[in-house]
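Colleague: dropping a prediction and its sequence here:
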Amino acid sequence: MIPEHKIQEVLDRVDIVSLVSRHVELKKAGREFKGRCPFHQEKTPSFYVVPEKRFYFCHGCRASGDAVSFIQRYLGKTFQDAVRDLAQEVGIDLEAAQDPGLKERQQVKEATDFAAEHFRALLWHEDEGRAARAYLASRGVSEEVAQGFGLGWAPAQWSLLADRFQKNGMLEWGLKAGLITKRNSGDGCIDFFRSRLMVPIRAPEGRPIAFGGRLVASEDGPKYLNSRESRLYNKSETLFGMDQARDDIHKRKTAVLVEGYFDCIGLHQVGVRHAVALCSTNLTAGHLQVLKRAEARDLVLLLDGDSAGLAAVERLAGPLLAAGAPTRVALLPQGDDPDVFARREGTDGVERLLEGAQPLTAYLFATLLPSGKQASFEEKMAALERLRPVTSQVPPGLTRSALISALANHFGWMPAQIESSLQYKPPPTPKPPA
């Protein structure tokens, strides 16, 4: 396996504009270079190479990546071969002592890349992918958007991917990536994902690092199945759709956060391309760091307008307030989710909803204690109890003081009373005598 630092050295040395220009006619456009995308048919150029950031991006099919991924995609080479070819061009010796951890990470990368292409090809196979394509059509997902997100299909066969890993000498790599598992009895391996529409979870630069699988045309298993964490994939530092949303987040300085893969895909389908989704139920400092690197100065939570949506706001509020991240809340009509709403109302409807989003604290206070100062003592104490898990995540300091002052103003109590109540811990319930 090729050490990670060697791969980075290759990427740093390769002139990506010169590399891409061998296969695509590029013209300078400001600080970028523009041409017709080599990965899909188009008349108007929408393919850009950004030399400062060493990556390419297509606004049409949403293909993106670095020099290595371009060689992989354009010439059909494996990751290893693409790196070796580029290393030879720029005079880098790849033969060096390798760290075992880096070696395993590279093996997982290779297996994940292999699986992503395997699933993608099956989705567009005339017969194999018919049920999955019908499901996508039922959800209003166009072929262009499906291609952009790299969607795929895992058929019902027990060991289709495992057999291909075996044939290519990658069986152990597939096991490490969690894409296949050993049979409960007997020898051999079976596929982890079967009868599922496959959604690649990708790093911001576009490389697949894990998968989500949505059950289609079967009742065998949970509706959604996700990759386990690996040396490549840490869900507390990964936001789904960031590779597709990064440029729009950078331009708008705003990100829209939803909870489901298809909520994110549905928003992109109608042109709301600064949407990303959580890969878990929790929002972490790692997620907020990813958004910060994309230059998101404002975050809008777009959630279901029911009790589950409110619960999600309460769950996400703690880390957002603790980080001081400017956040607003846009709740959908009762019974809608972002995907359904986007299909019905279109881009304008979603944008109007986002424009009307409330500040996070204003939404929390108004929802948990609608009557404010006029509420009864019991109502105020119940609201404080709901807020306790939120405020417990905000450390002492200016942010906490401002939060407590705002709470006090809404409740009609003194800040010291609010703080004292939130810090109070009731005595443990005595155990009954034996």
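Modeller: Ah, there it is.

Colleague: residues contacting R328?
Modeller: R328 makes contact with 298-301, 357-360, 363, according to CB atoms under 8 Å, 6 or more residues apart in numbering. In short, each C-beta sits where N, CA and C put it, glycine included.

Colleague: nearest to A203 among the residues you listed?
Modeller: L299 (20.3 Å; CB to CB).

Colleague: quick check: phi and psi at that closest one.
Modeller: Here is the backbone geometry of L299 (degrees, to the nearest 10): phi -130, psi 130.

Colleague: what sits against it?
Modeller: So L299 contacts 254-257, 291, 320, 325-328 (CB under 8 Å, 6+ apart).

Colleague: drop anything exposed from the residues you listed.
Modeller: Restricting those to buried positions leaves 254-257, 291, 320, 325, 327-328, with burial counted as 16 or more other CB atoms under 10 Å.

Colleague: tell me the centre residue of this structure?
Modeller: F240 (1.1 Å; CA atoms, centre = their mean).

Colleague: quick check: that one touching H287?
Modeller: No: using CB atoms under 8 Å, F240 makes no contact with H287, being 10.7 Å away.

Colleague: so what sits against both of the two?
Modeller: What both F240 and H287 touch, as defined by CB under 8 Å, 6+ apart, is the set L278.

Colleague: that older thread, can you list the buried ones among the contacts of L299 in CSV and add secondary structure, distance to G186 and pLDDT?
Modeller: Shown next, in CSV, are those (DSSP: H, G, I helix; E, B strand; the rest coil; distance: CB to CB, whole Å; pLDDT from 0 to 100):
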residue, secondary structure, distance to G186, pLDDT
T254, strand, 53, 97
A255, strand, 48, 98
V256, strand, 48, 98
L257, strand, 45, 97
L291, helix, 47, 94
L320, helix, 50, 95
A325, coil, 51, 91
T327, strand, 52, 97
R328, strand, 55, 97
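
Colleague: and of the contacts of L299, the nearest to A146?
Modeller: V256 (20.3 Å).

Colleague: need the contact list for the closest one.
Modeller: V256 touches 267, 272, 274-276, 299-300, 302, 354, counting by CB under 8 Å, 6+ apart.

Colleague: what residues are up against the nearest residue to it once chain neighbours are set aside?
Modeller: In space, and not counting its chain neighbours, V256 is closest to A275: 4.2 Å by CB to CB, 6 or more residues apart in numbering. A275 makes contact with 241, 245, 255-258, 263-264, 267-268, 302, 338, according to CB under 8 Å, 6+ apart.

Colleague: give the buried subset of the contacts of R328 as a ChimeraX selection command.
Modeller: Buried residues within the contacts of R328, by 16+ other CB under 10 Å, are selected in ChimeraX with:
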select :298,299,300,301,357,360,363
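
Colleague: tabulate the contacts of R328 (TSV), appending secondary structure, pLDDT and distance to R344.
Modeller: Formatted as TSV, those follow (DSSP: H, G, I helix; E, B strand; the rest coil; pLDDT from 0 to 100; distance: CB to CB, whole Å):
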residue	secondary structure	pLDDT	distance to R344
D298	strand	95	26
L299	strand	97	24
V300	strand	98	19
L301	strand	97	20
A357	coil	96	19
Q358	strand	95	22
P359	strand	96	27
L360	helix	96	26
Y363	helix	93	23
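
Colleague: between the contacts of R328, which is nearest E219?
Modeller: For the contacts of R328, the nearest to E219 is L301 (32.5 Å; CB to CB).

Colleague: may I ask you to confirm that the closest one is in contact with A325?
Modeller: No: look at L301 against A325 with CB under 8 Å: they stay out of range, at 10.7 Å.

Colleague: any low-confidence regions in the chain?
Modeller: Judged against pLDDT under 70, the low-scoring parts of the chain cover residues 1, 96-99, 424-434.

Colleague: for Q289, give me its contacts.
Modeller: Q289 neighbours (CB under 8 Å, 6+ apart): E237.

Colleague: and with 10 Å instead?
Modeller: By CB atoms under 10 Å, 6 or more residues apart in numbering, the contact set of Q289 is 237, 323.

Colleague: ok, it to T327 distance?
Modeller: Distance, Q289 to T327, by CB to CB, to the nearest Å: 15 Å.
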